[in-house]
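Participant: need the 3D shape of this:
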Amino acid sequence: MLAPKTDFIGLEGVAHLAAGGETPMLRRHLAAVARFAEDKGSGMAGRERFWGVRSRACAMLAGMLGLDPGDIALLGSASEGIGQVISSFRWHPGDNVVVGATEFPSGIFGLARLQSLGVELRIVEARGWHLREDDLCSACDQRTKLVYASHVSYLTGQRLDLDRLSAGVRSTGAALLLDATHSLGIVPVAGHLADFVVASGYKWLLATHMGVLAWNRRSRPVFTPLGVGWRSANAGEVPGTYALHDDAARVEAGNPNHLDVYILESALGYLHELRLERVAAHALHWGGVLREGLVQLGLPVITPESAAERAGNICLAHPSGEVVAAQAAEHKLLIWGGEGRVRLSVHCYVTSEDIARALELLPALLGDAGEVSAASETS
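Facilitator: Residues are numbered from 1 along each chain as shown. Got it, this is the predicted structure:
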């Protein structure tokens, strides 16, 4: 065990393998909430402390991504960040965008919306459940403006080779929007290899429902999102004119959700104390044990075997994943089910006993769910 379960709220007697959906709250977050409440009640002096917390959180995120603190913006969600990035391009009929078929809906939907502007949406099919970096790159040409790809798939748990993907995309002049929601906080993320990075706070970062957007100013110096507010810019001398900030704050139209930022700072501090390399080693080791156990049980695992091609999510195909997850919860095994698969996630608080419980319970649960599904289809 890397992190004591007692550091978290609600893990007593529970095998929590649902980090890909929601992680439990750290007890230390309660102190962060109290600190926010005290600062909020102290007028403008407390408001100044809000920005200090934001600066510290951005500095820690920048360190994790290999970027500069000024490259980091804090938003309401990762999906908001995706929309802001898409809005920043000047789209013309004949342009195209590339995305994998197994990608997260916010990315697919955001790019699909561009078809009304005459932009071609190129959806790259996975081979089985496996999405190949070369296939994504081969779909690009000189009219490709943007590629959206998840570092680690929410659907299959596959981790892409970021070096290979980045080199292939950049050779065409296209921009790479990397979704690190399922990698940031659990495995290293070389953010400098992408032009933009988005991530959700409430999963592997152990925080709450907010988003992170990183703008790699060195690789992509021009970034003009359509969403603008008082926080994004300085007013010009002529009414109605403004100048966007030089850093990623230009994407923050208004106040970040400061309470969430306090919790994020607390979470990042905790991960820093654990050390990311130890967190990654823990997840990859016990994820490997879990995956091998599922394979030995004859279950249809869809996550790659190689540690270099996975992170914390281990997934297996099943038509009634929702039923499996609901039944597992009755046995105090928390997992995720849906979209044709069951997902088990290994974070810092997962123990060998949790893995053993999952491997013991799943065969019966999967069988019961299959019987329920078959019965519903014939009724």
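Participant: check what pLDDT residue 368 gets.
Facilitator: Per-residue confidence (pLDDT) for residue 368: 71.
Participant: not counting sequence-adjacent ones, nearest residue to it?
Facilitator: Sequence neighbours aside, residue 327 is the residue nearest to residue 368 in space, at 6.2 Å (criterion: CB to CB, 6 or more residues apart in numbering). From N, CA and C alone the C-beta is placed, and that goes for glycine too.
Participant: which residues are in contact with the strand or helix carrying the one you found?
Facilitator: Using DSSP states H and E, residue 327 sits within helix 321-330. With contacts defined as CB atoms under 8 Å, 6 or more residues apart in numbering, helix 321-330 is touched by 318, 334-343, 361-362, 365-366, 368-369, 372-373.
Participant: in that helix, what's buried?
Facilitator: 321, 322, 323, 324, 325, 327, 328 (16 or more other CB atoms under 10 Å).
Participant: so what's the nearest residue to residue 6 once chain neighbours are set aside up against?
Facilitator: Excluding its sequence neighbours, the residue lying closest to residue 6 (CB to CB, 6+ apart) is residue 27, at 7.7 Å. Residues near residue 27 by CB under 8 Å, 6+ apart: 6, 7, 8, 9.
Participant: in PyMOL, select just the buried ones from these.
Facilitator: Buried residues among the contacts of residue 27 (16+ other CB under 10 Å), as a PyMOL selection:
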select buried, resi 7+8
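Participant: run through the stretch 201-350 of the chain and note the low-pLDDT ranges.
Facilitator: Counting by pLDDT under 70, the stretch 201-350 of the chain contains no low-confidence residues.
Participant: can you give me the strands for the protein?
Facilitator: Taking DSSP state E as the criterion, the chain contains strands spanning 15-16, 72-75, 96-100, 120-124, 144-150, 175-179, 196-200, 211-215, 233-235, 242-244, 313-317, 333-334, 336-338, 341-345.
Participant: same for the first one, what does it pack against?
Facilitator: In terms of contact count using 3 or more CB pairs under 8 Å, 6 or more residues apart in numbering; DSSP states H and E, strand 15-16 is assigned the packing partners strand 333-334, helix 352-378.
Participant: grab the most central residue of this protein for me.
Facilitator: residue 181 (0.6 Å; CA atoms, centre = their mean).
Participant: which residues touch it?
Facilitator: Contacts of residue 181 (CB under 8 Å, 6+ apart): 78, 104, 150, 152, 154, 198, 199, 200, 203, 204.
Participant: phi and psi next, for the residue in the chain sticking out farthest from the centre.
Facilitator: For the chain, the residue at maximal distance from the C-alpha centroid (CA atoms, centre = their mean) is residue 238, at 40.8 Å. Per-residue torsions, residue 238: phi -90, psi 130 (degrees, to the nearest 10).
Participant: same question for residue 320.
Facilitator: phi -130, psi 50.
Participant: roughly how far does residue 240 sit from residue 86?
Facilitator: From residue 240 across to residue 86, the span is 25 Å (CB to CB, to the nearest Å).
Participant: looking at those two, which is more packed in?
Facilitator: Neighbour comparison, residue 240 and residue 86: the larger count goes to residue 86, with 22 against 6 (by other CB atoms under 10 Å).
Participant: and the residue nearest to the more buried one when sequence neighbours are not counted, how far from residue 89?
Facilitator: Leaving aside its chain neighbours, residue 86 sits nearest to residue 110 (5.0 Å; criterion: CB to CB, 6+ apart). Here the distance between residue 110 and residue 89 works out to 11 Å (CB to CB).
Participant: just the helices in the stretch 1-150 of the chain please.
Facilitator: Along the stretch 1-150 of the chain, the stretches classed as helices by DSSP state H, counting those that start in this stretch are 28-40, 43-65, 78-87, 105-112, 133-138.
Participant: right, and those - which one's nearest residue 221?
Facilitator: helix 78-87 (14.6 Å; CB to CB).
Participant: that older thread, neighbour-wise, which of residue 110 and residue 89 wins?
Facilitator: Legend: neighbour count by other CB under 10 Å for residue 110 and residue 89, higher for residue 110 (22 against 19).
Participant: list the contacts of the more buried one.
Facilitator: 79, 82, 83, 86, 148.
Participant: what subset of these is buried?
Facilitator: 79, 82, 83, 86, 148.
Participant: how about residue 193, what does it touch?
Facilitator: Contacts of residue 193 by CB under 8 Å, 6+ apart are 162, 163, 165, 166, 176, 178.
Participant: neighbour-wise, which one of these leads?
Facilitator: residue 178 (30 neighbours).
Participant: you'd agree that residue is up against residue 196?
Facilitator: Yes. With contact defined as CB atoms under 8 Å, residue 178 and residue 196 form a contacting pair (7.0 Å).
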